[in-house]
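Student: Structure of the sequence below:
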Amino acid sequence: MEFQLSALTPLDGRYMEKTKILRSYFSEFAFNKYRLKIEVEWLKMLASREDIEEIRPFSNRLVGVLDKIVEDFNLTEAGQMKIIEIETKHDVKAVEYYLRRKLSRLIQNGEIRINDEADKILEFIHFGCTSEDINNLAYGLMIKEARLNILSRQFYLILEKLDQMSRRMSNCGMVSRTHGQLASGTTMGKEILVFYQRLQRGVIELMEIPVHGKINGAVGNYNAHLVAYPTVDWLDVSKRLIEDVLGMRMLEVTTQIEPHDYLARIFHSVVRINTILIDLCRDIWSYISLGYFKLRMGGIGEIGSSTMPHKVNPIDFENAEGNLGMANAILEHLARKLPVSRMQRDLTDSTVLRNIGVAFGYSLIAYQSLMIGLSKLQINQEVMTQELNKNGWILLAEPIQTVMRKHGLVGGYEKVKEVFRGRDRVGKEDVWRLIDSLENLPEEIKNELKMLTPGNYLGCATNWF
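Tutor: Numbers count the residues shown, from 1 in each chain. The predicted structure follows:
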């Protein structure tokens, strides 16, 4: 509790329980664990090459030992790595030295037999690598796994909820609004379906964006690699690691850094998804204010207003909207800044990249709040029907003038406008009186128009399900 109250940001304070799942992906501890994994996988890849004779292939036992170093990396071990960083003043070098020291101790204790299982293993840790080789692949794994395990699951829950709502409300007729004014009839189910399909398209696009990586040295040319091993196909070595082991897509031509274009695509994609959800929050908020939805209380002790005891406020949608805005502000900066780096490399991306988890943290809070809000909604068909019956007859001006056009009645739009526009109240009698006054309209067509009511003038809104 003390930590929560003294935390600098609400992500690790007020909303700690909602965001703690992201710590396994975006905390400094997680970043170092991902970097350690990249160092180990690179070492294993080098050892697997027959054309790099100085380091012989690792035994299955040694591979298991290396994998266990990554698997057992915990906060205590991360603390040891942090001490090394304080000494070296370099975070990636600290990862390298940490791995060296771990393996050195295992060699001294006889757990690794240097003559039988490995040769020159320590000198091939971080071989040929610049820091960005390790960092970009660590961030790639972070994004890849968080997108699959966190974001996609949250979106699936929201999509599932919207699908259920749209089907359940498929026949719930209501007056729609364009420009804030009464407009043609629709159903709540169809309007929810619009958001379902928009979100679905956004999620598909997000999940299809490939994660890129590079491991090609200080300026992207394998300079040192080729001096040491001029006959080794370093493009093949890199590709095997990045694509076969890590499941990412290799960029062949880069500067020192992976250019972060895929990150910008992912962040922009999440921004678009979040913007769709902001639109949903605002529409639901408006429907609540119109009385189309009622809100269930979250519990007996829940208070809606500090001064008005009767109120149940749409706080979950407001919370979601606010946090989606915070997330988008950060994501938009990340997407604009990261693809820009002076010449072969500058370090401005390093500090900015550490805020990916912050952006996803605000997003995660919003997704959870939205789900809570959606679960509290109760459709109020009585209010929607009353409004249809009270105000919906004027909406029949649209089909009447359209049918008049079809049958060649000149000035149909203008005639209907003259009768209906500016009227405070239009009822069934007014509509029928207008229909009866249309002298050149066949009687059977007049009778068909008289079958229209505010409740059945819904177009194909009920046919989407």
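Student: pLDDT below threshold where in this protein?
Tutor: Within the chain, the stretches with pLDDT under 70 are 1-3, 114-119, 298-311.
Student: can you list the domain ranges for it.
Tutor: Under the assignment automatic domain parsing, the domains of the chain span 17-124, 131-379, 386-450.
Student: Endpoint to endpoint, the first one covers what distance?
Tutor: Read it as domain 17-124. End-to-end distance for domain 17-124, by Cα to Cα, to the nearest Å: 41 Å.
Student: Work out the gap between it and the centre of the chain.
Tutor: Per Cα atoms, centre = their mean, to the nearest Å, the displacement of domain 17-124 from the mean C-alpha position of its chain is 31 Å.
Student: Which of the three states applies to Lys294?
Tutor: Three-state assignment for Lys294 (DSSP: H, G, I helix; E, B strand; the rest coil): strand.
Student: wait, it sits on Gln381?
Tutor: No: look at Lys294 against Gln381 with Cβ atoms under 8 Å: they stay out of range, at 10.7 Å. Where C-beta positions appear, they are placed from N, C-alpha and C, glycine not excepted.
Student: Compare the two (neighbour count), which wins?
Tutor: Using other Cβ atoms under 10 Å as the criterion, Lys294 and Gln381 rank with Gln381 on top: 16 against 13.
Student: need the contact list for the more buried one.
Tutor: By Cβ atoms under 8 Å, 6 or more residues apart in numbering, the contact list for Gln381 reads Cys172.
Student: tally of neighbours for Arg342?
Tutor: 9.
Student: Begin at 19, not 1, for the rest of this chat.
Tutor: In the new numbering, first residue 19, that becomes Arg360.
Student: which residues of the protein fall in strands?
Tutor: Applying DSSP state E to the chain gives strands spanning 191-196, 199-205, 230-231, 267-268, 311-313, 395-397.
Student: Deepest-packed of the ones you listed, please.
Tutor: With neighbours defined as mean count of other Cβ atoms under 10 Å, the strands of the chain peak in mean count at strand 230-231, which reaches a mean of 24.
Student: That one packs against which elements?
Tutor: Applying 3 or more Cβ pairs under 8 Å, 6 or more residues apart in numbering; DSSP states H and E, one finds that strand 230-231 makes contact with helix 149-164, strand 267-268.
Student: Serialize those to a markdown table and add fields for distance to Leu26.
Tutor: Below are the helices and strands packed on strand 230-231 laid out as a markdown table (distance: least, Cβ to Cβ, whole Å):
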| stretch | distance to Leu26 |
| --- | --- |
| helix 149-164 | 22 |
| strand 267-268 | 37 |
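Student: Mean neighbour count, these: which tops it?
Tutor: Per-stretch averages of neighbours, counted by mean count of other Cβ under 10 Å, single out helix 149-164 among the helices and strands packed on strand 230-231, with a mean of 23.
Student: Output that helix as CSV - backbone C-alpha positions only.
Tutor: What follows is helix 149-164 as a C-alpha-only set of coordinates in CSV (Å, rounded to 0.1, in the frame of the first residue of the first chain):
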residue,chain,number,x,y,z
SER,A,149,24.5,-3.0,-28.3
GLU,A,150,21.7,-2.3,-30.7
ASP,A,151,22.0,-5.8,-32.1
ILE,A,152,20.9,-7.1,-28.7
ASN,A,153,18.4,-4.3,-27.9
ASN,A,154,16.4,-4.3,-31.1
LEU,A,155,15.9,-8.1,-30.9
ALA,A,156,15.0,-7.9,-27.2
TYR,A,157,12.4,-5.2,-28.0
GLY,A,158,11.2,-7.3,-31.0
LEU,A,159,10.5,-10.2,-28.7
MET,A,160,8.8,-8.0,-26.2
ILE,A,161,6.4,-6.5,-28.8
LYS,A,162,5.8,-9.9,-30.4
GLU,A,163,4.9,-11.7,-27.2
ALA,A,164,3.0,-8.8,-25.6
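Student: what's that helix packed up against?
Tutor: Helix 149-164 packs on helix 41-44, helix 46-65, helix 109-126, strand 230-231, helix 279-308, helix 366-371, helix 374-393, going by 3+ Cβ pairs under 8 Å, 6+ apart.
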